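Enquirer: show me the folded form of this:
(one chain, ligands or ions: 1)
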Amino acid sequence: MEKRSKNPVTGNISDVLEWYTDIGMTVAIGNAPVNHKQVRPSIHAVTNPMLPAKTGTDPLPKVVASSKQVVNSKAIAAACKTVDELRQAIINFDGCDLKMTATHTVFSDGNPEAKIMIIGEAPGADEDRQGRPFVGLSGQLLDRVLASIHLSRTQNIYISNIISWRPPGNRTPTPHEIALCQPFIERHIELIAPKILILVGGVSAKTLLNTNEGIMKLRGKWHEFKTDTMQNPIKTMATYHPAFLLRSPGQKAAVWKDLLLVQEEMQKIGLA
Ligand code: URA
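Expert: Coordinates of the predicted model:
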């Protein structure tokens, strides 16, 4: 049997090579140097039938965050002074019906000291079973993608979701559920205080960037995330969700472009 060489981040260099092959990278070094600072042509101009059916015109309806429950989750989140307090507060929170059907509250994974935080949508079946985000197939793909720019949740990545409980049947969380949970994830970001945020998928991007634009429009460029109590905004990249990449592998190259921007920023601020 073929012996796989070890990579300090992934454990298996062949996983990273598989990702490079998937994104169409067939040679390790190009013939000419690449200027990553050069302004890139818009990657959104292309109409591609393989891209998600949802477009920039499919708003995630904004719920007026006025229900008692939302006010309650805001107050609970604001009162948490540490990540552990927040974890406990979410575990104790009974205002979201998703908790009734979930097996576990899925809070986070990775290194809480990390300077890069990734936010997904909501746990799926595997995550609900294990109580950790991104442990299923899409999580495995996410790990491979991250490893290609030397990131891993065992070292320099922290991961959470907009929603802490699995929506039954993996349905998209409702606007009300999102509004209920938003104060928790926002407080979570404040407490971790990463230098870079990566939002994977439309629900995460639209919620935290407070926009109705679709992920096709949002990805591939820098945004800023800031709450009222934060002094400085956090540089934020939106990209496709790994579950979408599993359905549409042709989009892996787009995610790779987004990650190169992240890598460039990491270098700029001394994280790489
Ligand atoms: N998809 C997500 O958005 N989050 C998870 O934790 C798993 C799958």
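Enquirer: which other helices and strands contact the helix or strand containing Asn72?
Expert: Using DSSP states H and E, Asn72 sits within helix 68-79. Applying 3 or more CB pairs under 8 Å, 6 or more residues apart in numbering; DSSP states H and E, we find helix 68-79 packed against helix 83-92, helix 175-192. All C-beta atoms are positioned from the backbone trio N, CA, C, and that covers glycine.
Enquirer: identify the residues contacting that helix?
Expert: 63, 65, 85-86, 89, 93, 95-96, 179-184, 186-187 (CB atoms under 8 Å, 6 or more residues apart in numbering).
Enquirer: now it against helix 83-92, angle please.
Expert: 160 degrees (axes from the mean of the first three to the mean of the last three CA atoms, to 10 degrees).
Enquirer: list the buried residues of helix 68-79.
Expert: Gln69, Val70, Ser73, Lys74, Ile76, Ala77 (16 or more other CB atoms under 10 Å).
Enquirer: and what of stretch 181-196?
Expert: Those would be 181-192, 194-196, for stretch 181-196 by 16+ other CB under 10 Å.
Enquirer: what do you get for stretch 101-117?
Expert: Neighbour-count burial for stretch 101-117 flags 102, 104-111, 114-117 (criterion: 16+ other CB under 10 Å).
Enquirer: can you check stretch 210-219 too?
Expert: Thr211, Glu213, Gly214, Ile215, Met216, Lys217, Leu218, Arg219.
Enquirer: one more: stretch 246-263?
Expert: So stretch 246-263, judged by 16+ other CB under 10 Å, has buried residues Gln251, Lys252, Ala254, Val255, Trp256, Asp258, Leu259, Leu261, Val262, Gln263.
Enquirer: separation between Ile192 and the ligand?
Expert: Counting by CB to the nearest ligand atom, to the nearest Å, the gap from Ile192 to the ligand is 16 Å.
Enquirer: Ser108 now?
Expert: 10 Å.
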